[in-house]
Each structure stands twice: as structure tokens, then as C-alpha cells.
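Visitor: Just to be clear, the model below is a prediction. Sequence and coordinates:
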Amino acid sequence: MIDRKLPPLNALRAFEAAARHLSVKKAADELCVTPGAVSQMLKALERDLGVMLFRRANRGIFLTAVGQDYLPAVRNAFRQIAEATRRIAIAADTGILTVSTTPFFAGAWLVPRLQAFHDANPDIDLQVVTSDALTDFSRDGADVAIRHGLGRYPGLASERVVAVEIVPVAAPTLVAKFGAPADAAALAGWPQVHDAERKGWHLWFQAQGIDDIGPPRGAAFDDSGLLLKAILAGQGAGLLPAAMVARDIAEGRLVKLAEVGLIEAFAYYLVYPEINRERPKVAAFREWILAQDDVRPG
């Protein structure tokens, strides 16, 4: 099988224009180049393909049978490119801003403030989608995302929005097995479950003045809902936003192991591709949400 590279786009454009006008000069005028440049591109295309696409005559050019077969596919490709470009341009210019965030952050923080955002930006409509997994911006259609962690997302811009009060919790069965911890240091010997970056417990112990706790052990989850389920199942003690587990604590499904605390670096971050920063609707949302960091959801 012969492995051929795709012809250069400018050569295909020259072919399509020349075939449509059956004139090198008119194709050159349309493409804003010289007739000589069009002729060179057509000859290079024929040489690369190994076929003749045109018959040259004194009064013009004419498609060969091969050229007639090739033209519909080339025209269709350009139509698809034009249509995709049109769709992207329309989506970029609409007032809809798609924000991907976690279910907890959406319910506890973002949704109660949507009216304030709309009042400040009446031409922008937010579309909120919830997920705990990090957004694939090339596939998911999100303009920006809000995620909890340390803000380390390779290839993406990341800016701290707000830190939340967190609390270490465990299932009653685990507390019955190990006994109520006398102090923070006692939790170093407990089984633990972790956030995806496995940094939460280290930062929490550090905030308690405890540095040497050894490497993190136990399961890790990039979904706070799954992390909560693992804690409820007795797989280990875990750190979760205080507001997220308040009902479970009140109703006895979880036990609070220490007082609520705040870790500034372990926060919610606004995440987006750097190329999106200057888009007007993204810039408006970024400016608004980064001004809200005095209010903590939980």
C-alpha cells in the first residue's frame, strides 16, 4: 500500500478554484495570488498525486476524467471545513457560557449566586453542567471548569477561587475499631482514603503542626461522591467539605474526628485553556468569580 501524505491545503484550494472557473487567471484573482503561483501549485499537486488533473489548451484548461472524479471530494471537504468553522464561530459569539463544576460546589455556592452574575452580565447565560472528573475541554464543550484540589492541571490555566472548611470524618464502625482519636496525631495511624492528588491529609496534618506522617497509603478518588461512599463504607477516614457532610454527621452516619479547619491551598480553582482567557464571556465570568473569594461554601 502506498503511503501518501495529504496534499497541501493551498494546492487543493487552487485546484478547486481553477476547476470551478476553468481558468488559472480567475482562480488567481480569487485567491489573491499570481497566475504563475496557481500554475505552480497545480503542477506540484499533479506531480504529488502522480496523475493529470487538467488538460491545457490555448484558450484555457479542462478537467481530465481523474480531475472530475477528484473534484466532488475536494469540494465536499471544503464545505465541511466551512460549516465547522461557521458552527464554532456561532458558538463562540453566543451569550451561552458553559461551566463545568462539581455537584457540591454547584449546589452550595454557584447556584445561589447565579442571579448576581446575571445582574452583572445580562447578556451571558450560564449553562452549568456537573461532574467530579476533570473536564476534557477539547471534547466536553465546557468553556471553564471549577474543581477542588491544589490547582495543578498541566496544560491549563488555574486560579484559586475559594477555600472551603474541611473536616476529617469516618464511619462509626471505624471509630468503634480504633477508638475516638485523642488528638490529631492519633489519626496518623488510621487507614485513610484520599483525594486524587493524595495531598489533602498531608496538608491537614501540616496545619496541625504534624509533619512526619509518612507516605500516603490507601485508595484515592477524583470524585468527591466516591470518596464519601468509601468513607461511609468504613474504608478509611477522609477529608471532605464540612457543609457536604453536615447531614451525615448530624444523622449519625459519619463521626467528626476533629474540628473544622481551613487549608488555603486545598481549594476550588477556576480551570480553563489559556487560549480561552481573552474571550469576552470567559473574561467576564473569570473577573466575577475571582472577586467572590471572601465567601466560603461550608
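Guide: Cool, got the structure.

Visitor: how's the protein carved up into domains?
Guide: Domains of the chain are assigned by automatic domain parsing as 9-92, 96-157+271-290, 163-265.

Visitor: first to last residue in the longest one, what's the distance?
Guide: So the one you mean is domain 163-265. Domain 163-265 has an end-to-end distance of 7 Å (criterion: C-alpha to C-alpha, to the nearest Å).

Visitor: Show me how far that domain is from its chain's centre.
Guide: 28 Å (C-alpha atoms, centre = their mean, to the nearest Å).

Visitor: So for that domain, mean pLDDT?
Guide: Mean pLDDT, domain 163-265: 87.

Visitor: do the shortest one as well
Guide: Here the mean pLDDT over domain 96-157+271-290 is 86, rounded to a whole number.

Visitor: Make residue 1 into 653 and carry on from there
Guide: That works, and once the first residue is 653, the last one we named lands at domain 748-809+923-942.

Visitor: How are the helices of this structure distributed by residue range?
Guide: Taking DSSP state H as the test, the helices found in the chain are 661-673, 676-683, 687-701, 717-745, 755-757, 766-772, 789-792, 824-830, 852-859, 876-884, 894-902, 932-942.

Visitor: now stretch 712-724: how far from the chain's centre is it?
Guide: Per C-alpha atoms, centre = their mean, the centroid offset for stretch 712-724 relative to its chain is 44 Å.

Visitor: can I get the CA coordinates of it in PDB?
Guide: Only the C-alpha atoms of stretch 712-724 are listed here, as PDB (Å, rounded to 0.1, in the frame of the first residue of the first chain):
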ATOM      1  CA  GLY A 712      -8.000  27.600 -21.100                       C
ATOM      2  CA  ILE A 713      -7.900  24.500 -19.000                       C
ATOM      3  CA  PHE A 714     -10.200  21.500 -18.800                       C
ATOM      4  CA  LEU A 715     -10.600  18.800 -16.200                       C
ATOM      5  CA  THR A 716      -9.500  15.300 -17.100                       C
ATOM      6  CA  ALA A 717     -11.600  12.300 -16.100                       C
ATOM      7  CA  VAL A 718      -9.500  11.900 -13.000                       C
ATOM      8  CA  GLY A 719      -9.900  15.500 -12.100                       C
ATOM      9  CA  GLN A 720     -13.700  15.300 -12.500                       C
ATOM     10  CA  ASP A 721     -13.700  12.300 -10.100                       C
ATOM     11  CA  TYR A 722     -11.500  14.200  -7.600                       C
ATOM     12  CA  LEU A 723     -13.300  17.500  -7.600                       C
ATOM     13  CA  PRO A 724     -16.500  16.500  -5.700                       C
END
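
Visitor: that older thread, and the domains of the chain as CSV, adding mean neighbour count?
Guide: The C-beta positions use only the backbone N, C-alpha and C, and glycine is treated the same way. Shown next, in CSV, are the domains of the chain (neighbours: other C-beta atoms under 10 Å):
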stretch, mean neighbour count
domain 661-744, 15
domain 748-809+923-942, 16
domain 815-917, 17
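
Visitor: follow-up on the earlier one: how about TSV for the helices of the chain, with distance to residue 806 added?
Guide: Shown next, in TSV, are these (distance: least, C-beta to C-beta, whole Å):
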stretch	distance to residue 806
helix 661-673	31
helix 676-683	40
helix 687-701	38
helix 717-745	25
helix 755-757	22
helix 766-772	29
helix 789-792	13
helix 824-830	35
helix 852-859	20
helix 876-884	21
helix 894-902	27
helix 932-942	20
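
Visitor: what's the closest of these to residue 839?
Guide: Closest of these to residue 839 is helix 852-859, at 7.8 Å (criterion: C-beta to C-beta).

Visitor: Return the list of helices and strands in contact with the closest one.
Guide: Contacts defined by 3 or more C-beta pairs under 8 Å, 6 or more residues apart in numbering; DSSP states H and E place helix 852-859 against strand 809-822, strand 890-893, strand 913-924.

Visitor: Kind regards, and thank you for your time.
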